[in-house]
Every structure is written in C-alpha cells, then in structure tokens.
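Undergrad: any chance you could fold what I've pasted below:
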Amino acid sequence: MSTVTLDKITKIYPNGFQAITELSLTLEEGEFLVLVGPSGCGKSTALRMIAGLEDISSGDLYVGDRWLNDVQPKDRDIAMVFQSYALYPQMTVAENIGFPLKLRKISRRERQEQVWQAAEILELTEQLEKKPAQLSGGQRQRVAMGRAIVRRPALFLMDEPLSNLDAKLRVQMRADIAGIQRELGVTTFYVTHDQVEAMTMGDRVAVIKDGILQQAAAPEALYDNPDNVFVAAFIGSPSMNLYEATLSEVDGHYQLQLGDQSLAVPEQILASRPALRDYLDQPVVVGIRPEDLEDAAVASDHPNDQRLDAEVAVREALGAETLVHFSVAAPSVDSGDPDALDELGDEDVSRCTARFSAATRTRVGDRIRVNVSTEKLHFFDRRTHLAIRT
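TA: Residues are numbered from 1 along each chain as shown. All right, here's what the predicted structure looks like:
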C-alpha cells in the first residue's frame, strides 16, 4: 500500500486547451477515493496522467516517496481497470487473469496459486476454464479486476468500470468492488460521472468541474455541507432545487421571500451561519433538497408559516417514495452542470422536485401545501455561488 500525492497537477494540450488546472489531492494508504464530475470535466485525463498515459504539463506526482512524472507506465507499479474489459477472447479466464504474471516470467506453479487466490476473492473459481464470450458482463469485469489484483500493485486506477453494465448489475458490482477493495486494502483512485456511484463507494469523493477541483470530502460531508452551488446540485439525486430569494428580518423574526411566497426561517439558521446577517435584504441563492419537502397532508403538525402552496404538475410513484414536481414563482439558478436538464418555464417560474413519502395521495392537478424543513436550507452567494457560512 502507498500514499498517492497529486501536487498542483496541470495538463495543457499542444493546442492550448487546459484540461486540468493545479489539481491537488492526497490519497492515504488503502483509501478508496472517487473523482466525479460531468462529461468532459477532465476526470479521465487526471487518471491517465497518474497512469503515465498522458504527460504532466506541470506539478508533481508521487506514489509513496517516489516521484513518477517521468516514469514509464509499465514501471509505475499501477494496475488499471477500464470501462472496456480488454480481455483476450482466445484465452480462458485463468489465462486472462494470469497474463500479467506470465509477462513477468512468474513460474507456472506460482501463477496458478495467485490466479486461484484472485478467483476466490472474485467468486470466479467455477469460471476459470471458460472463455470471455461465455461470461456475463459482470463476470467479465471481475476477470478484468482479477488481472489487476494478481499484480499486487501499489495503486489501483479504475476508469468508469461499471458504465457498460445494466442498472441492476451496476448496483451489485458497486458493492462488490467496494468490498473487494477493502479486503485487499489497496489504495484506489476511481473515476466516474455517476454521483450515486461516487457516494456509495468512496471513502472520500472529489468533485471536479472544468478541470478544477471543487471540493473533496467524505460523502456525507459533501451532501450536508457543499462548498458551492455546483457541488450542491451535482451531489444528490434528484438534484437540489436552487432559486434566487431574499432573506429579511421582520419584527424580530426572519423570513425568506421565495417568489410570491414567504417562509419563516428559524433563528438557528443564522446562528450557525453568522455571515448570513450580511446578506439580509439582498438576493441570495437558496437550496432545498427534495427530501426536505413533504406533503402537508401527511405531516400535519408542521408549522404553517413553513409551507408552500403548489399545484402538482407531475407525479412519479416509486414504491417507497413518490417524487412530485410543481412550479415555484422564483428565478431558478444555473448550477453550471452541462449535463443537467434545461429548466422548465420562463425565467421567473422554476421547477421544484419534492421527495414525498409513499403515504401521499396527491394527484396531478391537485392544489396542495408543501412542508419545507427550513432548518435544512442551504444558502449561497448569488455572485460567487460559494456557500454562506461563517
């Protein structure tokens, strides 16, 4: 196991395009770190620089105390698992897994032992004599992982290894890969565009946009305390609702003006975010998680001054929960995610998504009241899009 240090890593292509800008990250020994971001944000470029498949324009890369900038890929003690399985179709599973050992001229007996050990970890012992064409997609990805495991590298690099699998198999493989990584204890750098994948697998998650690191933290910290509007919207599914609003003090009480409606804001919000007092009576960006909204008919004891009036536009019954979409008469805020869907409506009417409990009986066209957990609101500077905290 080794620590991995990226110190202000930058990548500039000959045509002048800057894909990565001073990316600094440290992976501790045995850590599973996930780099996540939208399409074209530079995450795969970062991984390829670590692997040695892309030159580093500036900055330093270390694995342990070893400086790797000019080290050839084959000499970096790194194993990669790709989106494509890259298996040899003419070889058996055992031969595919053991191929890196054969290249290193490891004895046949030792190869067989290491292949068997890897196959046991990956639950592939019954597939060792089969060819890749006889395997499912999940089994093929396990074989690709087995080929990486037998190398016993200092670092695993995984580039969207689950993107070719169907939805159900991805869920299973997420848990399998995370479990295998913890069993082996190998430091792992994992790249994905899927924030659900990132949040469920990583010890830490690093969010990147346009080649610039936005925030790196434990999944729960990213979700509860996003540093900016982009991270707030990107992490979480469905995405956080973001609007322009105004926070004011009226007769010693605080209220948030959200379009043509107002919400009472508890004193604890300002106590925990003292800097908010500097934004009173000024436009701010307010964020509301879908799960912090509930059908008032289901939770009738909620304060009446912390509710919104709404008309149900779309209803999605998902069994354990129901997603309800309605409009809010307040300007929406562009999070900067190029993969996000365009907002519906005009510039002063925005879509809102709520995650109601399954007990709701709302139907499309109903006029309802929506409870807002105002103590969980998020606030951001309208100009910089940075979180307003201390």
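Undergrad: which residues in the stretch 101-250 of the chain form strands?
TA: Along the stretch 101-250 of the chain, counting by DSSP state E, counting those that start in this stretch, strands occupy 155-159, 187-192, 204-209, 212-217, 241-250.
Undergrad: end to end, how far does stretch 216-226 reach?
TA: Counting by CA to CA, to the nearest Å, you get 10 Å between the two ends of stretch 216-226.
Undergrad: mind checking the pLDDT average for that stretch?
TA: The average pLDDT within stretch 216-226 is 96.
Undergrad: stretch 276-292 now?
TA: Mean predicted confidence for stretch 276-292 is 97.
Undergrad: what packs against the worst-scoring helix or strand of the chain on mean pLDDT?
TA: Using mean pLDDT, DSSP states H and E, helix 167-184 stands out as the lowest-scoring helix or strand of the chain, at a mean of 87. On a contact count with 3 or more CB pairs under 8 Å, 6 or more residues apart in numbering; DSSP states H and E, helix 167-184 meets strand 32-36, helix 108-121, helix 137-149, helix 195-201. To be clear about C-beta, it is placed using only N, CA and C from the backbone, and glycine gets the same treatment.
Undergrad: got the angle between it and strand 187-192?
TA: Relative orientation of helix 167-184 versus strand 187-192 (axes from the mean of the first three to the mean of the last three CA atoms, to 10 degrees): 160 degrees.
Undergrad: dead centre of the chain: give me the residue that sits there.
TA: Ranked by distance to the mean C-alpha position of the chain (CA atoms, centre = their mean), the top residue is residue 195 at 2.8 Å.
Undergrad: wait, that residue touches residue 237, no?
TA: Yes: using CB atoms under 8 Å, residue 195 is in contact with residue 237, at 6.7 Å.
Undergrad: circling back: closest to residue 289 out of the strands of the stretch 101-250 of the chain?
TA: Nearest of the strands of the stretch 101-250 of the chain to residue 289, taken as CB to CB: strand 241-250 at 7.7 Å.
Undergrad: any idea of the mean pLDDT for that closest one?
TA: The average of the pLDDT scores along strand 241-250 is 96.
Undergrad: do the same with stretch 141-160
TA: Per-residue scores along stretch 141-160 average to 90.
Undergrad: host element of residue 324?
TA: Following DSSP states H and E, one finds residue 324 within strand 321-328.
Undergrad: need the CA coordinates for that strand. PDB is fine.
TA: Taking C-alpha atoms only, strand 321-328 is exported to PDB below (Å, rounded to 0.1, in the frame of the first residue of the first chain):
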ATOM      1  CA  GLU A 321     -41.400   7.200  -2.100                       C
ATOM      2  CA  THR A 322     -43.200   9.500  -4.500                       C
ATOM      3  CA  LEU A 323     -41.500  12.300  -6.500                       C
ATOM      4  CA  VAL A 324     -43.800  15.300  -7.000                       C
ATOM      5  CA  HIS A 325     -42.900  18.100  -9.400                       C
ATOM      6  CA  PHE A 326     -44.500  21.600  -9.200                       C
ATOM      7  CA  SER A 327     -43.600  25.200 -10.100                       C
ATOM      8  CA  VAL A 328     -42.300  27.900  -7.800                       C
END
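Undergrad: can you give the distance from that strand to the centre of its chain?
TA: Offset of strand 321-328 from its chain centre (CA atoms, centre = their mean, to the nearest Å): 23 Å.
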